[in-house]
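In: Pasted the sequence and its predicted model underneath.
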Amino acid sequence: MMVHPMRPVSLVALCGLLAAGSGLVGAPAAEDPVALVRSYFAATDATGREAAAARIASHPDYRPSRLRDWLHAGFPFEPIAFGFQELRVDVGEGETRSVTLVVPPGYRPDRAWPLLYALHPSGVPAARWARQVEQTLGRRAREFVIASPEYEQNYIAAKPPFVPEHPAILDAVARRVHVAADRVYPYGYSKGGFGAWFVTLYYADRVAGAVAMAAGFDVAPGPDGFWKLLVPNVAHTPVFNTWGEKDPLIVRGLDEKPAGTFAESNRLFDREVSGMGLPIVNLEVPGGRHNNLAPPAQPIVDILAERRETDPKRIAHTFRHLHQASCYWLEGLSWVGESWGDPPPPLLPAREGEPEAQRIARTLEPRLGRLTGTIDGQVIRVTRRHVGDLVVWLGDRTIEWNRPVTLDVDGVTVFTGPVTRDPAVALARARATMDFEVLRFAGIQVNASGTASLVSANALPGPAWRQPAR
């Protein structure tokens with residue numbers, strides 16, 4: 001090998017050449033980790049995926065911290081032209097939804113793109129709303145993929161079929177274009193503003209921040225207090241909620257009776273949440289009307305710069321359906337006990353002087369599912385209501401892997417002992433969720449009776465929204 005006298009080769013560089021398999025040494029070059037990831041996703045059965053996972057884990061450059069980048073570089077996204085595209089999504093129960101995708105110029109499938117989940121107002125088709133959002137963003141639209149779906153659910157009391165349309169749509173989009181899972185933003189106006197609240201409340205662990213315009217909270221705030229059961233769901237998700245001073249539209253309560261105008265309801269909401277310590281910015285636009293709302297740009301810009309929270313130490317999540325039973329590192333897999341279905345349950349006997357809305361709230365509250373959890377060092381405590389089987393997912397920011405873990409569920413210790421990182425579990429979970437940002441290297445599954453076991457890659461439970469309807 002000739003060396004230019006003015007550019008000596010360092011010992012480190014020489015060693016790198018030798019390790020890479022130069023003509024001086026017969027050692028074969030290490031397999032390309034990106035190619036290994038592609039072979040994992042190309043495998044058609046569990047045996048093939050297990051073999052590919054083992055090769056990834058044994059790669060000389062493998063580190064748990066590097067797997068994220070390998071996944072981003074290796075998932076085999078199909079080419080897609082920039083501009084407007086249409087996607088048809090199966091959301092279950094024989095239902096489909098049409099989604100308009102706006103792919104920005106310069107889109108490349110080898111890098112992750114933030115996603116604006118654009119939820120349209122009533123009377124505005126999804127495709128037209130996608131174009132309006134693109135125009136509103138101006139030059140900044142080039143920084144985002146925009147997905148604008150036709151949708152049905154934007155309120156906890158939505159009628160059947162009770163399909164997981166929003167997680168199904170987000171999943172389908174993430175398999176078609178390369179989405180940065182930690183930068184997904186529900187963004188809606190009027191009906192879509194309620195939709196932005198809905199997605200953020202019940203799928204908060206998939207959202208970095210939300211913008212709700214000319215709308216209001218999922219359940220009208222009132223003396224029945226039902227809405228206060230739900231608002232802690234966004235404890236880790238910033239929301240910009242804005243409305244017009246002169247918005248005359250009427251919001252209705254659980255009893256379907258008028259509960260004030262949009263402007264009045266939002267003012268009450270603002271007063272009530274101001275002391276709760278939640279990351280909600282409420283803003284009334286002076287003189288603004290329902291169809292003529294021009295909020296300042298900066299709060300929206302701030303939201304669109306947020307990144308999703310990772311493994312918060314304290315979580316509380318309340319929901320109506322099993323497909324909403326996912327909360328960061330907690331995930332429900334089965335429902336037990338009474339539920340709020342259709343028709344609604346019969347109302348409890350009225351109390352003297354009790355308003356109908358209060359009676360409805362008192363009837364429905366016990367039928368809501370709930371998951372809470374805390375992480376205190378290596379001790380994890382979980383409580384559940386109307387949830388049977390569940391999984392506690394563990395990532396690099398959840399625990400310290402070199403120390404044993406204790407898991408208490410409903411006041412009973414169900415697991416104590418060491419847990420090891422398993423890259424095969426991380427790969428399987430990433431394949432199931434398309435979330436390459438927060439990798440789960442282990443999971444502790446607990447059944448309805450409290451028996452715990454470690455999750456394996458070959459028996460990985462599917463995401464909550466894919467669980468069979470009860």
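Out: Received, thanks.

In: so what's residue 362 up against?
Out: Going by Cβ atoms under 8 Å, 6 or more residues apart in numbering, residue 362 touches residue 348. To be clear about C-beta, it is placed using only N, CA and C from the backbone, and glycine gets the same treatment.

In: quick one: it from residue 352, how far?
Out: Separation of residue 362 from residue 352 (Cβ to Cβ, to the nearest Å): 14 Å.

In: Next: residue 154.
Out: Residue 154 is 35 Å from residue 352, where distance means Cβ to Cβ.

In: can you check residue 409 too?
Out: Distance from residue 409 to residue 352, counting by Cβ to Cβ: 39 Å.

In: Show me which of these two is the more surrounded one.
Out: The neighbour comparison of residue 409 against residue 352 (other Cβ atoms under 10 Å) goes to residue 409, with 20 against 4.

In: The residue nearest to that one when sequence neighbours are not counted: what secondary structure?
Out: Nearest residue to residue 409 in three dimensions, chain neighbours excluded: residue 382, at 4.8 Å (Cβ to Cβ, 6 or more residues apart in numbering). With DSSP: H, G, I helix; E, B strand; the rest coil as the basis, residue 382 sits in strand.

In: does residue 382 have beta-bridge partners, and which?
Out: residue 373, residue 409 (DSSP bridges).

In: So for it, what's the pLDDT?
Out: We have a pLDDT of 98 for residue 382.

In: do residue 266 as well
Out: On the pLDDT scale, residue 266 gets 98.

In: which residues touch it?
Out: 216, 217, 241, 243, 282, 284.

In: In strands, which of those residues fall?
Out: 241, 243, 282, 284 (DSSP state E).

In: what's near enough to touch the third one?
Out: The neighbours of residue 282, taking Cβ under 8 Å, 6+ apart as the test, are 241, 242, 266, 269, 270, 273.

In: What of the second one?
Out: For residue 243, the residues meeting the contact criterion (Cβ under 8 Å, 6+ apart) are 213, 214, 215, 216, 262, 263, 266, 283, 284, 285, 288, 293.

In: Strands of the stretch 151-300 of the chain, residue ranges please.
Out: Secondary structure of the stretch 151-300 of the chain, counting by DSSP state E, counting those that start in this stretch: strands at 179-189, 210-213, 239-244, 250-252, 258-261, 280-285.

In: Any idea which of those strands gets closest to residue 442?
Out: Checking the strands of the stretch 151-300 of the chain against residue 442 by Cβ to Cβ gives strand 179-189 as the closest, at 19.2 Å.

In: Listing partners with orientation, what would you give for the closest one?
Out: Applying DSSP bridges to the sheet, strand 179-189 is found paired with strand 113-119 (parallel), strand 210-213 (parallel).

In: Report the contact partners of the nearest residue to residue 121 once chain neighbours are set aside.
Out: Of all residues not flanking residue 121 in the chain, residue 190 sits nearest, at 3.8 Å (Cβ to Cβ, 6+ apart). Residue 190 makes contact with 121, 122, 213, 214, 215, 290 under the criterion Cβ under 8 Å, 6+ apart.

In: low-confidence ranges in the stretch 1-150 of the chain?
Out: Within the stretch 1-150 of the chain, the stretches with pLDDT under 70 are 1-29.

In: Report how many residues lie close to residue 330.
Out: Applying other Cβ under 10 Å, I find that residue 330 has 22 neighbouring residues.

In: For it, give me its contacts.
Out: Residues near residue 330 by Cβ under 8 Å, 6+ apart: 315, 317, 371, 373, 382, 390, 391, 392, 393.

In: so can I have CSV of these showing secondary structure, neighbour count and distance to residue 429?
Out: Formatted as CSV, the contacts of residue 330 follow (DSSP: H, G, I helix; E, B strand; the rest coil; neighbours: other Cβ atoms under 10 Å; distance: Cβ to Cβ, whole Å):
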residue, secondary structure, neighbour count, distance to residue 429
315, strand, 23, 18
317, strand, 24, 19
371, strand, 23, 18
373, strand, 23, 18
382, strand, 23, 19
390, strand, 24, 15
391, strand, 22, 10
392, strand, 27, 13
393, strand, 22, 7
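
In: ok, so of those, who is nearest residue 102?
Out: Of all the contacts of residue 330, residue 317 has the smallest distance to residue 102: 31.2 Å, by Cβ to Cβ.

In: Not counting sequence-adjacent ones, nearest residue to the closest one?
Out: residue 327 (3.6 Å).

In: got the contact list for the nearest residue to residue 295 once chain neighbours are set aside?
Out: What sits nearest to residue 295 in space, not counting adjacent residues and going by Cβ to Cβ, 6+ apart, is residue 242, at 4.3 Å. Contacts here follow Cβ under 8 Å, 6+ apart; on that basis residue 242 touches 211, 212, 213, 214, 282, 283, 284, 285, 293, 295, 299.

In: picking up where we left off before, among the contacts of residue 282, which one lies nearest to residue 128?
Out: residue 242 (21.5 Å).

In: Which strand residues bridge that closest one?
Out: With DSSP bridges as the criterion, residue 242 is bridged to residue 213, residue 283.

In: how much space between it and residue 272?
Out: Distance from residue 242 to residue 272, by Cβ to Cβ: 17 Å.

In: And for residue 252?
Out: 18 Å.

In: Give me the phi and psi angles of the residue nearest to residue 121.
Out: phi 60, psi -120 (degrees, to the nearest 10).

In: go on, residue 447?
Out: Here residue 447 shows phi and psi, under degrees, to the nearest 10, equal to phi -90, psi -180.

In: before we move on, back to that, just the buried residues from the contacts of residue 242, in PyMOL please.
Out: Buried residues within the contacts of residue 242, by 16 or more other Cβ atoms under 10 Å, are selected in PyMOL with:
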select buried, resi 211+212+213+214+282+284+285+293+295+299
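
In: Of the contacts of residue 242, which is the nearest to residue 32?
Out: residue 211 (40.6 Å).

In: distance of the closest one from residue 165?
Out: For residue 211, the distance to residue 165 (Cβ to Cβ) stands at 20 Å.

In: before we move on, what about residue 229?
Out: For residue 229 relative to residue 165 (Cβ to Cβ), the value is 23 Å.
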